[in-house]
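**Student:** My questions are about this predicted structure, shown below with the sequence.
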Amino acid sequence: MCLVGGQYGSEGKGHIASYLAPEYDYLVRAGGPNAGHTVYEEPEPYPHHQLPSGTRFSEAKLIIAPGAVLAVDKLLKEIAECEVGTDRLVIDPRAMIIDPEDLEFEKRELESRIGKHRTGSRIGNESEDSSLSGDSGREVGKGCCRTEAVCGRNA
């Protein structure tokens, strides 16, 4: 099953994915570290920014899809908070990492031209680099210095 929303958010995709997660062997996340999918749970709601929404309610294998944009600090925080082991998480080597240079460029150049992204996630430059240059951005599996920290692979 693939869950796709017809609007730009706040339509309940995260809740539905979380509810259905225990029935599936694989949960996939694509996109970037945006506002996230908030899943209401006890004692308080949890926002999934990088991992699939059903992570905490399932033992499924978690997959970060090709082309996904990763904020390493957010991803590592979520992995720790959700207690995800390395045997459960697969990050496609074609996933892209947001570099500090991307953050600076977006702040300096893009915000002045188009305004700040409403979530402040700063995925604009990584996505812009990829779409304008025709390359696939800085990929996890292509010599990124943080590959080991993110997915347990040597660069």
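**Tutor:** Structure's in. What do you need?

**Student:** Grab the most central residue of the chain for me.
**Tutor:** For the chain, the residue sitting closest to the mean C-alpha position, by C-alpha atoms, centre = their mean, is Gln50 at 3.0 Å.

**Student:** close enough to count as contact, that one and Glu78?
**Tutor:** Yes. Because the distance of 5.2 Å satisfies C-beta atoms under 8 Å, Gln50 is recorded as touching Glu78. Backbone N, C-alpha and C define where each C-beta goes, glycine included.

**Student:** what about the strands in this structure?
**Tutor:** In chain order, the chain shows strands spanning 26-29, 37-39, 46-48, 61-64, 69-70, 89-91, 96-97, with DSSP state E as the criterion.

**Student:** Which strands or helices does the fifth one pack on?
**Tutor:** Contacts of strand 69-70 with other secondary structure elements, assessed using 3 or more C-beta pairs under 8 Å, 6 or more residues apart in numbering; DSSP states H and E, are made with strand 96-97.

**Student:** From the contact counts, what lies against the strand it packs on?
**Tutor:** Packed against strand 96-97 by the contact rule (3+ C-beta pairs under 8 Å, 6+ apart) you find strand 69-70, helix 124-133.

**Student:** any idea of the mean pLDDT for the shortest one?
**Tutor:** In this model, strand 69-70 carries a mean pLDDT of 92.

**Student:** Adjacent strands (with direction) for that strand?
**Tutor:** For strand 69-70, the paired strands and their directions (DSSP bridges) are strand 96-97 (parallel).

**Student:** Just checking the distance from the strand it pairs with to the centre of its chain.
**Tutor:** Averaging C-alpha positions (C-alpha atoms, centre = their mean, to the nearest Å) puts strand 96-97 9 Å from its chain's average.

**Student:** Kindly report the same for stretch 91-107.
**Tutor:** Averaged over its C-alpha atoms, stretch 91-107 has a centre that lies 11 Å from its chain's centre (C-alpha atoms, centre = their mean).

**Student:** average pLDDT across that stretch?
**Tutor:** Per-residue pLDDT over stretch 91-107 has a mean of 86.
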